[in-house]
Every structure is written in structure tokens, then in C-alpha cells.
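In: Please find the sequence and the predicted model below.
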Amino acid sequence: MRLYSLSVLYKGDLKVHLLKAAYDVSTFNFFQRSSVQEFMTFTSQLIAERSPLGSRASVKEQEYLCHVYVRNDGLAGVVIADNEYPQRVCFTLLDKVLDEFSRQVSKMDWLSGSPATISYSALDGYLSKYQVQTP
């Protein structure tokens, strides 16, 4: 059971844009890592774009399960995990991350922010904390 990506996005009037993301691509071949990360970024944006405000969904994409939560204020979170990772845990993580993010990052920054300009550093910690360690 693995988590591969945790993203926070904003669903504005025109399109969805990525605010902050964390990735764990350590299980992939070194030469595949950047393309896998690009795929996860693109997929996260696409799924958030297609999800209505105030919704939660789980979408199968290739061998991954993508869990999305779009809040009514337009803030969205996407977790990309393998098929075995518990869905309930993913949505608990998304709730926690989006609540914390909305408290720490001004709503003004959601409109024009990017991963380079948003200062929120907890995603990497959450991604490793929620990683299920296999013996």
C-alpha cells in the first residue's frame, strides 16, 4: 500500500491550478520519475477540474486510485495511491490537509499562487507520515 502524490489545487472560474504538491516517486526507475511526476500533476488537475464543488470521488486511472475532494470554496485536494490503500484514510488526510492549508494560506494567494510562491511545507511530512510501511 502506497501513496504517490498529495496535491492542493484551486478550482477558480476559468481553470484549476496547482498550489502545492508532494510526490513519492522513489519506487520508480530513476529515468521514469520526472514523467511519472508530470503524469500525477496532470491527472490531479484534470480530476479536480471535472469534479463539482462540494464533492468527493475516487477515480481509477491506470493502476492508480485518485481520490479527490473539492470544497465549496474551490479549494481541492487530490491523493494518488495504489489500489490497496484505504479510501477512508485518503479522505481523512484530504480533510486535514485542506483545513490546515486554508488556515495557513491566505485566500488571496489561492487565486494567483503557484507551488513556488505558496509557503506551506507540511505536504511532504503528511505524505511520509501516511505512507504504510511494509515489513
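Out: Cool, got the structure. Numbers count the residues shown, from 1 in each chain.

In: what does the lowest-mean-pLDDT helix or strand in the chain contact?
Out: Scoring the helices and strands of the chain by mean pLDDT, DSSP states H and E places helix 107-112 at the bottom, with a mean of 90. Under the contact criterion C-beta atoms under 8 Å, 6 or more residues apart in numbering, helix 107-112 has outside partners 10, 12, 19, 73-75, 117-118. C-beta coordinates here come from the backbone N, C-alpha and C atoms, glycine included.

In: Show me where this structure has its helices.
Out: 33-50, 87-104, 107-112, 122-129 (DSSP state H).

In: Redo the ones you listed as TSV? Include distance to V68 and mean neighbour count.
Out: Listed next are the helices of the chain as TSV, based on distance: least, C-beta to C-beta, whole Å; neighbours: other C-beta atoms under 10 Å:
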stretch	distance to V68	mean neighbour count
helix 33-50	5	17
helix 87-104	8	16
helix 107-112	17	13
helix 122-129	16	15
